[in-house]
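K.L.:
The following comprises the amino acid sequence and a computationally predicted model.
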Amino acid sequence: HDDFLLGQIDQLRTAVTTATRKTLRTIEGRQGRIEQRQSDMAESIVEMRTTLEQLLSKALSLEQCLCLVVTEQRQPAYRGTSSWRLGLGNSCTNMTRTDRQIVPGSTMSLGLKRPHS
């Protein structure tokens, strides 16, 4: 019985060893694929970060351009007024109509008079 029992134990040991090796190979293969995917994702994240930084830079440049455009669009309203008059400030350039309504700008319109100080 001892020989039979030892033979059965050896067979069981061999079967367990074979199953363990096969399982470990499967796990190692899966682990390799997981690590490759992680590497690919990390590379993609670096690329996305670079792209986002470039987009942010372009957005900031566009914002600056738009601010310049807005500033330039506001300036033409003053082109008809001379620079010395702009330097006087509102109190010198505003006019009061005879009905006491204050009108900014020039004395070119009828019914305007200089405000009283």
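P.N.:
On my side now, so go ahead. Numbers count the residues shown, from 1 in each chain.
K.L.:
which stretches of this protein form helices?
P.N.:
Taking DSSP state H as the criterion, the chain contains helices spanning 2-74, 83-88, 90-93.
K.L.:
tell me, which of those is the model least confident about?
P.N.:
Here the helices of the chain differ in mean pLDDT, and the lowest is helix 90-93 at a mean of 50.
K.L.:
returning to that earlier point: which one of the helices of the chain is the most hemmed in?
P.N.:
helix 90-93 (a mean of 12; mean count of other C-beta atoms under 10 Å). The way it works is simple: take the backbone N, C-alpha and C, and place the C-beta from them, glycine included.
K.L.:
how near is residue 45 to residue 39?
P.N.:
Computed as C-beta to C-beta, to the nearest Å, the residue 45 to residue 39 distance reads 11 Å.
K.L.:
Equivalent analysis for residue 31, please.
P.N.:
Counting by C-beta to C-beta - residue 31 and residue 39 are separated by 13 Å.
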